[in-house]
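Colleague: next come a sequence and a model predicted from it.
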Amino acid sequence: MYKSQVFETGLGVFIMNIQEKIAQFPTQRRLNKLLEAVSGIQQLTIVLHNNPDPDAIAAGAALKFLLEKKAGLEVDIVYQGVIGRAENKALVDYLGVSLRQLSDENLRLPENLALVDTHTRAENNPISLEQRPLIVVDHHNNYVDGQAVFSDIRPNIGATATMMTEYLKAADCPPSKSLATALLYGIKTDTMALSRNTTTADVNAYCYLSELADLDAFMSFDKVKVSAGYFKGLAAAMNGARVFQDGLIITYLQELSYPDLVAEIADLMLRLEGSKVVIAFGIFKERIHFSIRTLDEKLDVNRLAQTLAGEEGNAGGRDMIAGGQIPVNDHNLYKRVAEVNQRILKFFKLSPQTEGEQVT
Ligand SMILES: [Mn+2]
């Protein structure tokens, strides 16, 4: 009997089901542990990374959905910073899940916490080192988060939305149309449409979600109107961009209308012919925000980001993406901006006098 015929029979389908179930074993175990971590509590607060992106927003909403359905919890989602990108705002509006912005003055968090798309050692979230979250689900950095009651950190996975999709499947808790759409968009943006840091798990989740999602809504996020601030930033980025040897591009955007504009610009400038590494930076609320994108797999972007941030800032990155912040004030702003430039040139072993070529 041919293999295809075997799989058309009841036995074949049975075997395929078993194979799928075996593949789900680790997720099932993780799901049980995740639910154990919140047993006996009624309320939980999910903390996303600062200036949350679509992956954090979608994965956070998925964890809320899962814990409300499977553990009967009351769950709210909070974040620090700004949801600035027009696409991300459109996603939040569409998703209809309320996300509470923590004010800079009042960062006190309740006791029962979950971190999503970030972890306890990352500096891009407001939780203090003394706080022990019940849950951490993330795909940044390669270590077990011993500080959390339950942690699932898988740095090889392209998006936290992929991990949350696995949980929903294992829990027999299919996402609603809007949640599936958001998760799909989270995977799309974190993996640059499955072209960067992508694993089979991401592709599987993507296929699964495509069936459930509202594809018109999914396509609409990238076509949403953007603010004049975006074009202002774009103009500053183009005028300020300088190209150095080996495809290094540095661009200083000055005042940012929202912090993650630097990431948007860095992604865009990586399309310039010959570019291999882009570093975009600008100022938002007494901080220099910088973003790094590369096509060079050998470049240690995390080390580069740490170098730029220096002692006074914080940074992190993985694979081909990194970012960070450096505090500034009115007095040291110019000095700090010059320092960032010098640190980049030094990292790439370029002379401090090198000026690079203008793009425009
Ligand atoms: Mn992510």
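Modeller: Arrived safely, thanks for sending.
Colleague: distance check, the closest residue in space to G356 that isn't next to it in sequence against I265.
Modeller: Using Cβ to Cβ, 6 or more residues apart in numbering and skipping the chain neighbours, the partner closest in space to G356 is R242 (3.2 Å). Glycine gets a C-beta too; all of them are placed from N, C-alpha and C. Applying Cβ to Cβ, to the nearest Å, the value for R242 to I265 is 14 Å.
Colleague: find residues that contact each of the two.
Modeller: T251 (Cβ atoms under 8 Å, 6 or more residues apart in numbering).
Colleague: can you pick out the residue with more neighbours from the two?
Modeller: Taking other Cβ atoms under 10 Å, R242 and I265 do not tie; I265 has more neighbours (27 against 16).
Colleague: wait, what's in contact with the more buried one?
Modeller: I265 neighbours (Cβ under 8 Å, 6+ apart): G233, L234, A237, T251, L253, V278, A280, S291.
Colleague: contacts only, for the residue in the chain that the ion sits nearest to.
Modeller: Residue of the chain nearest the ion, by Cβ to the ion: D55 (3.5 Å). Taking Cβ under 8 Å, 6+ apart, we find D55 in contact with D117, A159, T160, A161, G186, I187, T189, D190.
Colleague: please work out how many residues are found near T200.
Modeller: Neighbours of T200 (other Cβ under 10 Å): 7.
Colleague: oops, could you answer that again for M219 instead?
Modeller: The burial count for M219: 11, using other Cβ under 10 Å.
Colleague: now the phi/psi pair for I283, please.
Modeller: phi -110, psi 130 (degrees, to the nearest 10).
Colleague: so it bridges to which residues?
Modeller: E255, I288 (DSSP bridges).
Colleague: just checking, it touches L333?
Modeller: Yes: I283 is in contact with L333 according to Cβ atoms under 8 Å; the separation is 7.0 Å.
Colleague: more crowded one of these two?
Modeller: Shown here are I283 and L333; by other Cβ under 10 Å, I283 has more neighbours (19 against 13).
Colleague: residue contacts, the more buried one?
Modeller: Q254, E255, L256, H289, V328, L333, V337.
Colleague: likewise E286?
Modeller: P327, V328, N329.
Colleague: scan these and report the most crowded one.
Modeller: V328 (21 neighbours).
Colleague: backbone phi and psi for that one, please?
Modeller: phi -140, psi 160.
Colleague: tell me the confidence at it?
Modeller: Confidence at V328, expressed as pLDDT, is 96.
Colleague: look up the closest residue to it, ignoring the ones flanking it.
Modeller: R336 (4.7 Å).
Colleague: so the one you found sits against Q325, correct?
Modeller: No: using Cβ under 8 Å, R336 is not in contact with Q325, being 11.1 Å away.
Colleague: who's more crowded, those two?
Modeller: The residue with more neighbours, out of R336 and Q325 and counting by other Cβ under 10 Å, is Q325; that gives 24 against 20.
Colleague: roughly how far does N156 sit from I187?
Modeller: N156 is 14 Å from I187, by Cβ to Cβ.
Colleague: neighbour-wise, which of those two wins?
Modeller: I187 (30 against 13).
Colleague: how about the helix or strand where that one lies, which residues are buried there?
Modeller: Secondary structure assignment for I187, by DSSP states H and E: helix 177-190. Within helix 177-190, the residues that count as buried by 16 or more other Cβ atoms under 10 Å are 178-190.
Colleague: chain center to that helix: distance?
Modeller: With Cα atoms, centre = their mean, to the nearest Å as the basis, helix 177-190 stands 12 Å off its chain's centre.
Colleague: name the helices or strands packed onto it?
Modeller: With contacts taken as 3 or more Cβ pairs under 8 Å, 6 or more residues apart in numbering; DSSP states H and E, helix 177-190 sits against helix 54-71, helix 86-95, helix 160-170, helix 200-212, helix 215-220.
Colleague: between helix 200-212 and that helix, find me the angle.
Modeller: 140 degrees (axes from the mean of the first three to the mean of the last three Cα atoms, to 10 degrees).
Colleague: helix 54-71 and helix 177-190, what's the angle between them?
Modeller: 140 degrees.
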